[in-house]
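Colleague: fold the following for me, if possible:
(one chain, ligands or ions: 2)
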Amino acid sequence: MTTPATTATREADADWLAPTATGPLDATVEVPGSKSLTNRYLVLAALASGPGRLRGALRSRDTELMAAALATLGTRLTDDARTDATAAGADPDWLITPAPLRGPATIDCGLAGTVMRFLPAVAALADGPIRFDGDEGARVRPMGPVLTALRALGVSITESGAVGHLPFTVTGRGSVRGGAVDVDASASSQFVSGLLLAAARFEQGLTVRHIGATLPSLPHIDMTVQLLRDAGVTVDDSRPAIWRVAPGPIAARDVRVEPDLSNAGPFLAAALIAGGTVRVPGWPATTTQPGALLPQILERMGATTRLDGDVLTVTGTGVVHGLDLDLHAAGELAPTLAALAALGDSPTRLRGIAHLRGHETDRLAALAIEITRLGGQVEQTADGLVITPRPLHAATMRTYHDHRMATAGALLGLRIPGLLVENVATTAKTLPDFPGLWRRMLAR
Ligand SMILES: O=C(O)C1=C[C@@H](OP(=O)(O)O)[C@@H](O)[C@H](O)C1
Ligand SMILES: C=C(OP(=O)(O)O)C(=O)O
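Modeller: Numbers count the residues shown, from 1 in each chain. Ligands and ions are numbered 1, 2, ... in the order given. Model prediction:
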């Protein structure tokens, strides 16, 4: 029998033995706050006209890196230890007090797309040089369109590594004139979001026009627009692929962060593989999170779903159906759905996700290589994957520092006894204590 102590050692130091499902699930999983919402709220709070409060924020590597970066630039961030949430065992509220942004400073982006793509425009508003760097894997994630757009707006940027990548230094002069700029966001919607988030603080505001062939993750751009409007900023998005942010103050706010619906994905998907029911409370009635697509996708894959008040219930039978799915709006769901598809009763085609080659790792290659190593059949296409279910066997699932590769491994392990997940701790990028949440979901 495994003691808690040996389990903890395994998670920290060695490959993690993914638990198999021994029967149908019956679990309620409290999913922590959304990474995308938390990091946008943090940026907007730092640029706001007064102190703000963030309730239910995600505390994970990506959001702690964002908070540390804003603190380095002069923003004051503290925990309110007196909140009711703390008394109930949840994280304390984050209190954010804006202050003039200043360098010199160094920002560690880790592997967080939101930090590396959202903060250069904020740094342009600061006074002094701000150096950006991150993990080795971050140095290959595309940054060029952000740097080109800021240079076109008159911001000084020095690159010290490969062109269009970390590391680089933004030297702000305390203000940005703004105006209009073209950006090719076909590799990441975050290029647009990063410009829009700071744009209200530019003297003339900003019009951003996307000029690439495809635009991934539009819900994440809608999320940026929605949060700006919620903070009193005027945004015109009435023309396709053009966003106009009017100059003006960003209101200080007291906000609650929705649960991370994409991170709910692996837990909900587990019900399809193991059979039984998984419930996620706090499911928003309306949201810009792309994870909102999960109920309809999981239904196509064989689940029944129900929303009672704010509790989403997903029930599966253990049989997973393949499907043909364009995921360009919700690419971050792809690793979860690919794991499900590998256990399906028919082939699956995922389309519209070429940009996943620039995520935490080249996710199309990583999924194809790792599922193939478990005995599956996966072909990469120009813009996605074709997954043909085959009998799978145990092996070590390599995760390439990608949190969603690790959670995909956990899903496959529900059916494959002996499957090991390399570096499960990488899930801390967006999900603190994923192994604990997973074990509790399986405990009957
Ligand atoms: O703006 C955001 O919070 C995000 C946008 C998306 O990025 P891409 O457009 O690069 O896929 C998404 O995949 C990422 O997880 C979070
Ligand atoms: C692509 C992702 O992250 P990032 O915000 O680092 O781009 C993700 O979480 O799936």
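
Colleague: not counting its own residues, what contacts stretch 67-84?
Modeller: With Cβ atoms under 8 Å, 6 or more residues apart in numbering as the test, stretch 67-84 has contacts from 42-43, 45-46, 53, 55, 86, 91-103, 105-109, 115, 119, 122-123, 126, 130. In short, each C-beta sits where N, CA and C put it, glycine included.

Colleague: contacts only, for residue 230.
Modeller: Contact analysis of residue 230 by Cβ under 8 Å, 6+ apart lists 253, 255.

Colleague: now restrict the contacts of stretch 67-84 to buried residues only.
Modeller: 42-43, 45-46, 53, 55, 91-98, 101, 103, 105, 107-109, 115, 119, 122-123, 126, 130 (16 or more other Cβ atoms under 10 Å).

Colleague: could you pull out the helices for the protein?
Modeller: 4-13, 35-46, 61-72, 84-87, 113-124, 144-152, 190-199, 218-230, 261-274, 294-300, 334-342, 363-373, 403-413, 434-442 (DSSP state H).

Colleague: distance check, residue 167 against ligand 2.
Modeller: 17 Å (Cβ to the nearest ligand atom, to the nearest Å).

Colleague: nope, residue 172 is what I was after
Modeller: Relative to ligand 2, and taking Cβ to the nearest ligand atom, residue 172 is found at 23 Å.

Colleague: so that residue sits against residue 130, correct?
Modeller: Yes - taking Cβ atoms under 8 Å as the definition, residue 172 is a contact partner of residue 130 at 6.8 Å.

Colleague: give the residues shared as contacts by those two.
Modeller: 103, 123.

Colleague: show me the contacts of stretch 67-84 that map onto strands.
Modeller: Residues of the contacts of stretch 67-84 located in strands (DSSP state E): 53, 55, 93, 94, 95, 96, 97, 105, 106, 107, 108, 130.

Colleague: show me what contacts residue 378?
Modeller: Residues 338, 342, 367, 368, 371, 372, 385, 386, 387, 388 are the ones in contact with residue 378 under the rule Cβ under 8 Å, 6+ apart.

Colleague: I'd guessed the third one sits against residue 405; true?
Modeller: Just to be clear, that refers to residue 367. Yes - here residue 367 lies in contact with residue 405, judged by Cβ under 8 Å, at a distance of 7.5 Å.

Colleague: and the pLDDT at residue 444?
Modeller: Residue 444 carries a pLDDT value of 73.

Colleague: so what's the residue nearest to residue 197 when sequence neighbours are not counted up against?
Modeller: Spatial nearest neighbour of residue 197, chain neighbours left out: residue 43 (5.1 Å); criterion: Cβ to Cβ, 6 or more residues apart in numbering. Contact analysis of residue 43 by Cβ under 8 Å, 6+ apart lists 66, 70, 118, 119, 122, 197, 198.

Colleague: state the distance from the fourth one to residue 170.
Modeller: Note on residue 119: its distance to residue 170, by Cβ to Cβ, to the nearest Å, is 9 Å.

Colleague: likewise for the third one?
Modeller: For residue 118, the distance to residue 170 (Cβ to Cβ) stands at 12 Å.

Colleague: tell me how many other residues crowd the residue in the stretch 201-350 of the chain that ligand 2 sits nearest to.
Modeller: When scored by Cβ to the nearest ligand atom, the stretch 201-350 of the chain has residue 332 as its residue closest to ligand 2, at 3.6 Å. Residues near residue 332, counting by other Cβ atoms under 10 Å, number 28.

Colleague: try residue 346
Modeller: 11.

Colleague: quickly list what residue 208 is bridged to.
Modeller: residue 181, residue 243 (DSSP bridges).

Colleague: help me confirm that it comes into contact with residue 239.
Modeller: No - counting by Cβ under 8 Å, residue 208 stays clear of residue 239, with 11.2 Å between them.

Colleague: higher neighbour count, the two?
Modeller: residue 208 (24 against 10).

Colleague: show me what contacts the residue of the stretch 201-350 of the chain found nearest ligand 1?
Modeller: In the stretch 201-350 of the chain, the residue that lies nearest ligand 1 is residue 217 (3.3 Å; Cβ to the nearest ligand atom). Counting by Cβ under 8 Å, 6+ apart, residue 217 makes contact with 188, 189, 190, 290, 328, 329, 330, 331, 332, 355.

Colleague: let's see that with 6 Å instead.
Modeller: Shown in contact with residue 217 (Cβ atoms under 6 Å, 6 or more residues apart in numbering): residue 189.

Colleague: next one: the one 10 residues further on
Modeller: Taking Cβ under 6 Å, 6+ apart as the contact definition, residue 227 lies against residue 40.
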